[in-house]
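*Asks:* Next come a sequence and a model predicted from it.
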Amino acid sequence: MADQNVPPRRPRDDRGWDGRQHHNADGYGDPSTSAPYGYDSPHPYQGGYPAQADPREQYGDGYAHAGHPAPGPRGPQWVGPEGLGRPAPARPAGAGLPALDDDDDSGRKVGRRKAVFALGGTAAVVAGGAALAMTPQIRGLFGDDTTAAAKAGDATGSTVTDGTAARPSGQQPSTVRTYTEQNESYMGSRAGEALKKNAPTTGRTLSGPAAAATSTKVTVKTVLAKDPILHLARRATFGPTPEVIADIKSKGIDAWIRAQLEPDKIEPSKAELKLAELPTLKLDPQQLRAQRDQLNDQGAQPERETVDATIARQIWSKRQLFEVMVDFWNDFLHVAADFDGGEAYRNSFDQDVVRKHALGSYPEMLVAANKHPALLIYLNQKDSRKDAINENLARENLELYSVGVDGGYEEQDVRQAAMLQTGRGIDREGKYVFKPEQHYVGKVKILGFTHANDSLDPKKADAAIDAYIAYIALHPSTAKYVAQSLATRFVSDTPPKSLVDRLAKTYTTNNGLIKPVLMALFSSSEFWAGVGQKVRRPMEYLVATYRTLGVSPEASPKHNNGDNKRTPYARGLRQIHDKLRELGHFPMGQPTPDGYPDVYVAWTSAGTMVNGWNEAGEIIGGYRTTFTYTAPEKLVAAPPATAGAYVDALSQRLVGQKLSTREKDLILNVAGVPPTAKVDATFNGAITAVARAILASPQHHLR
C-alpha cells in the first residue's frame with residue numbers, strides 16, 4: 001500500500017430512502033422537510049460501501065491476494081418485502097403490488113414469496129451453474145529549491161532517496177499492494193469455479209461482427225434465447241428496448257455497431273436535451289468555485305448532478321455503446337464522485353477525460369487524467385513534492401490504471417515514478433499547473449522507461465512525465481489488462497485467454513485506440529458464444545428495468561412539483577440516484593480508486609436482489625410522478641384472454657422471449673391463477689405483480 005494511500009473521505013450519513021415504498025404522491029418524502037446537502041456540507045457515500053465491512057476498507061497486504069479468500073458479496077444485506085425493517089404504508093384498494101405473503105385476501109394459498117424467490121433465485125444460474133444457489137444469502141431466503149538541477153540525483157540506484165524504513169526499495173509490489181485484480185479475486189471462489197465450467201474456452205476472429213454472429217454456434221447452457229440480435233442488444237446497451245431491436249434489425253448488425261462507434265453522429269434524445277435542467281453541468285470548475293454560495297442557496301450539488309446526468313444517459317441516450325464504454329472507463333480509470341474536490345472537478349473529469357476519450361485513445365486518456373485536478377486531488381498528487389513525496393498516484397497509475405498489480409513492476413518502479421511525477425499541481429484558480437520548484441530532478445528508470453529528467457524547464461519536465469504515462473499506457477501488460485477487462489465486461493466473467501490475447505494484440509498494433517479493439521471483440525466467436533454469461537449488476541438491472549418499461553422523462557400529468565428549486569426531471573433523476581446508492585452501485589460511486597468489480601460473484605447479495613425487485617414494482621406501478629410510465633395493462637397492445645398466453649406475451653414484451661414452462665408456472669402462482677383462467681388486461685388486478693415477477697426472472701437478470 002502506498003504511504004497515505006487513502007483518498008479523502010467524507011463522513012457517512014444515514015439519511016436516504018427509508019425502505020417504505022410510498023411517502024406521498026411522488027413516492028418519496030417531502031424535500032421541504034429535510035434541507036438538501038449544502039455545497040460545503042459533507043456529501044455522504046450513502047451506499048458506496050455495503051452495510052457489512054468491505055475488505056477494501058483494510059487497505060492491507062492481505063486484500064484477497066495469494067492465500068487469502070475473495071471479498072464477500074457487495075450491497076446491503078437482507079431487505080424484506082416491506083423494506084428496511086418497516087411495514088409498508090397502506091395502499092389504495094386494488095393498487096400496486098401484492099405483498100409477498102403466502103395467502104391472498106380470500107385465504108387461498110398462492111405461495112407468492114416462495115414463487116418469486118424461486119424464480120429470482122434462478123437468475124444466479126448463469127448458463128446452468130448453480131452459483132447463487134450455493135451462497136448462504138440465497139440459502140437463507142428459504143429458512144520548494146530552484147537549484148535542484150545542479151544537485152540532480154539518480155533514482156535508479158539502490159539507495160532509497162525518498163525513503164521509509166517500512167518500505168525498502170525493490171520490495172515486490174505483491175507484498176505491499178493496495179488492491180488485487182478484484183475480478184480475478186472474486187472469481188477464485190467456489191461459485192466462480194462453477195461458472196468457469198460453462199464458459200467458452202476458445203474461439204477465433206472473423207471478417208466482421210455479422211459474420212461472427214452467423215458462424216458461431218452457442219453451446220453453453222443458458223435460459224436466454226440464443227438470438228444474436230438480442231445478445232448484441234443486451235451487451236452493447238444498458239438493456240434492450242423494442243426500438244433498439246428494431247434498429248439493429250433495420251440496419252443490420254455491422255452497420256448498427258459502426259453507427260454506435262460514431263456517437264457524435266447520433267442525435268441526442270429528449271432526455272439528454274433536458275439535462276439543461278441540471279444547472280451545474282454547463283459550468284466549468286472555475287465557475288463552480290466562484291458560484292459556490294449561489295449553488296448552495298439553490299441546493300445544487302455539482303458532483304451529484306454529474307451522477308444524475310450519467311444515469312439519464314444510460315436510460316435514455318441513443319448512444320448506448322458509448323455510454324457502456326463511459327461506465328467501463330469509470331470503473332477502470334476510476335475517480336469517485338464523492339471526494340473532497342469532486343463538487344468542483346468531477347464533472348470536468350467526466351467531460352474532458354472520460355467522455356472525450358471513451359472511444360478514442362487510452363494513452364491520451366491516461367495522459368489527460370494525470371493532468372486533471374480531479375485525479376491530482378483524489379490521489380494526493382498535488383501534495384507531492386521533491387522533499388515530501390506522495391506515492392499514491394504513482395502507485396495507482398501502475399497498479400490500477402495501466403499494467404496491473406502483477407504487470408511486472410517492482411516497488412522501486414513505484415518510487416521512481418513518484419519522484420518523476422512531482423511538480424504537478426493546481427494553481428489558485430483551480431487549474432492544472434506544473435511547479436518546477438517542487439519537481440525532483442534526476443535520472444529515472446521505471447519498468448523499462450528511462451529518462452534523464454535533468455531539467456527544471458516546466459515544458460521539458462512536464463513532457464518527461466507525459467512520455468512516461470504514455471509509455472506505461474502502451475506497455476504489453478497494459479494491453480493485456482485492458483483486453484482482460486473489456487472481455488470481462490462484454491463476454492464473460494471468465495473470458496477465454498484466446499480472446500484476451502487477440503484483443504491485447506489489437507490494442508498494441510493500434511497504439512491503444514479503442515475502436516479497433518471493440519471491433520475485434522464484436523468480430524470474435526467468443527463474444528457471440530457467450531450468451532447468458534453475464535449477470536446484471538444492481539445499477540444495470542435497475543437501468544434496464546427503466547428501459548424495458550418505456551419510462552418517459554416527462555413528468556406525469558399527476559405530478560405536483562413541491563420543490564421550486566428543481567424541475568420534476570431533476571428530482572426524478574436524483575430519486576433513481578438515491579436508490580442506486582441504497583443498492584450500493586451507482587456511477588462513479590466506489591470511494592476507492594479500484595472501481596466496482598465487474599463479475600457476478602461480487603454482487604450476490606440477497607438483500608440487493610429483493611430491493612431491486614421491489615423497485616421494479618414501484619416503476620411498474622408508476623407511483624413516482626416525476627416521470628411518465630406506461631400503465632402495466634398497456635404494455636401488451638392486445639392482451640390475450642387467458643392467463644398463460646398473457647404471460648407469454650408480456651414476457652416477450654419485457655425480456656424479449658417466452659419463459660420456460662416452470663418459470664411461467666411460478667409467475668402464474670404469483671397471480672394465483674391457472675394458465676387456462678380467463679383474465680382481462682389488468683390480469684384480474686394482478687398485472688403489476690405478474691410484470692414484476694417477470695422482471696425478477698433470470699431472463700431479465702442476465703445480459
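*Replies:* Nice, thanks for sending it over.

*Asks:* what's downstream of the strand or helix carrying residue 327, the next helix or strand?
*Replies:* Taking DSSP states H and E as the definition, residue 327 sits inside helix 320-332. Next helix or strand after helix 320-332 toward the C-terminus (DSSP H and E): helix 342-349.

*Asks:* Low-confidence ranges, the stretch 551-700 of the chain, go.
*Replies:* Scanning the stretch 551-700 of the chain for pLDDT under 70 picks out 562-563.

*Asks:* Who are the packing partners of the helix holding residue 327?
*Replies:* Applying 3 or more CB pairs under 8 Å, 6 or more residues apart in numbering; DSSP states H and E, one finds that helix 320-332 contacts helix 228-236, helix 253-260, helix 302-316, helix 476-490, helix 514-522. C-betas here are computed from N, CA, C, even on glycine.

*Asks:* Point out the most buried one among these.
*Replies:* Between the helices and strands packed on helix 320-332, the one whose residues have the most neighbours on average, counting mean count of other CB atoms under 10 Å, is helix 302-316 (a mean of 25).

*Asks:* now the angle from it to helix 320-332?
*Replies:* Compare the direction of helix 302-316 with that of helix 320-332 by axes from the mean of the first three to the mean of the last three CA atoms, to 10 degrees and you get 140 degrees.

*Asks:* how far off helix 342-349 does helix 302-316 point, in degrees?
*Replies:* With the same axes, to 10 degrees defining the directions, helix 302-316 sits at 40 degrees from helix 342-349.

*Asks:* Need the CA coordinates for helix 302-316. CSV is fine.
*Replies:* Taking only C-alpha atoms (Å, rounded to 0.1, in the frame of the first residue of the first chain), the coordinates of helix 302-316 have been written out as CSV:
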residue,chain,number,x,y,z
PRO,A,302,-22.5,19.5,-8.8
GLU,A,303,-20.9,16.1,-8.2
ARG,A,304,-24.3,14.6,-7.7
GLU,A,305,-25.7,16.2,-10.8
THR,A,306,-22.9,14.6,-12.7
VAL,A,307,-24.1,11.2,-11.5
ASP,A,308,-27.7,12.2,-12.2
ALA,A,309,-26.8,13.0,-15.8
THR,A,310,-24.9,9.8,-16.2
ILE,A,311,-28.0,7.8,-15.1
ALA,A,312,-30.2,9.7,-17.5
ARG,A,313,-27.9,9.0,-20.4
GLN,A,314,-27.7,5.3,-19.5
ILE,A,315,-31.5,5.1,-19.5
TRP,A,316,-32.4,7.3,-22.5
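
*Asks:* Give the burial count for the residue lying closest to residue 492 once chain neighbours are set aside, as a bare number.
*Replies:* For residue 492, the nearest residue in space outside its immediate sequence neighbours is residue 533; the separation is 4.0 Å by CB to CB, 6 or more residues apart in numbering. Under the neighbour criterion other CB atoms under 10 Å, residue 533 is assigned a count of 27.

*Asks:* so residue 508 makes contact with residue 479?
*Replies:* Yes. Counting by CB atoms under 8 Å, residue 508 does reach residue 479; the two are 4.7 Å apart.

*Asks:* Give me the three-state assignment for the residue nearest to residue 298 when sequence neighbours are not counted.
*Replies:* If the residues on either side of it in the chain are set aside, residue 298 comes closest to residue 565, at 5.6 Å by CB to CB, 6+ apart. Classification of residue 565 using DSSP: H, G, I helix; E, B strand; the rest coil returns coil.

*Asks:* Residue 565 touches residue 301, doesn't it?
*Replies:* No. Using CB under 8 Å, residue 565 and residue 301 do not qualify as a contacting pair, with a distance of 11.4 Å.

*Asks:* Between these two, which is the more surrounded one?
*Replies:* The neighbour count for residue 565 versus residue 301, taken as other CB under 10 Å, is higher for residue 301 (24 against 14).

*Asks:* Let me see the confidence value for the more buried one.
*Replies:* At residue 301, the model reports a pLDDT of 93.

*Asks:* cool, residue 62 as well?
*Replies:* At residue 62, the pLDDT value in this model is 30.

*Asks:* what does residue 202 give?
*Replies:* Per-residue pLDDT puts residue 202 at 85.

*Asks:* give me every residue that touches residue 474.
*Replies:* With contacts defined as CB atoms under 8 Å, 6 or more residues apart in numbering, the neighbours of residue 474 are 363, 508, 511, 512.

*Asks:* now these in CSV, with secondary structure?
*Replies:* Listed next are the contacts of residue 474 as CSV, based on three-state DSSP:
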residue, secondary structure
363, helix
508, helix
511, coil
512, coil
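
*Asks:* Out of those, which two are the most distant from each other?
*Replies:* Checked with CB to CB, these reach their widest spread between 363 and 508, with 11.4 Å between them.

*Asks:* So which residues of the stretch 351-500 of the chain form strands?
*Replies:* Residue ranges of the strands in the stretch 351-500 of the chain, as given by DSSP state E, counting those that start in this stretch, are 424-426, 432-434, 442-446, 449-451.

*Asks:* Could you pull out the buried residues of the second one?
*Replies:* Which is strand 432-434. For strand 432-434, the neighbour count (16 or more other CB atoms under 10 Å) marks 433, 434 as buried.

*Asks:* Name the strands paired with it and say parallel or antiparallel.
*Replies:* Strand partners for strand 432-434, identified by DSSP bridges, are recorded as strand 424-426 (antiparallel).

*Asks:* So what's the gap between the strand it pairs with and the chain middle?
*Replies:* In terms of CA atoms, centre = their mean, to the nearest Å, the gap separating the centre of strand 424-426 from the centre of its chain is 29 Å.

*Asks:* Give me the more crowded residue out of residue 363 and residue 508.
*Replies:* Just comparing residue 363 and residue 508: by other CB under 10 Å the higher neighbour count belongs to residue 363, 21 against 17.

*Asks:* count of neighbours near the residue nearest to that one when sequence neighbours are not counted?
*Replies:* Distances taken as CB to CB, 6+ apart put residue 473 closest to residue 363, at 3.7 Å, once the chain neighbours are dropped. Other residues near residue 473 come to 24 when the count uses other CB under 10 Å.

*Asks:* Residue 473 and residue 402 touch, don't they?
*Replies:* Yes. Residue 473 lies in contact with residue 402 (CB under 8 Å); the separation is 5.8 Å.

*Asks:* Quickly list what's touching both of these two.
*Replies:* Any residue near both residue 473 and residue 402 by CB under 8 Å, 6+ apart counts here, and that gives residue 366.

*Asks:* For residue 352, which residues are in contact?
*Replies:* With contact set as CB under 8 Å, 6+ apart, residue 352 has these partners: 368, 372.
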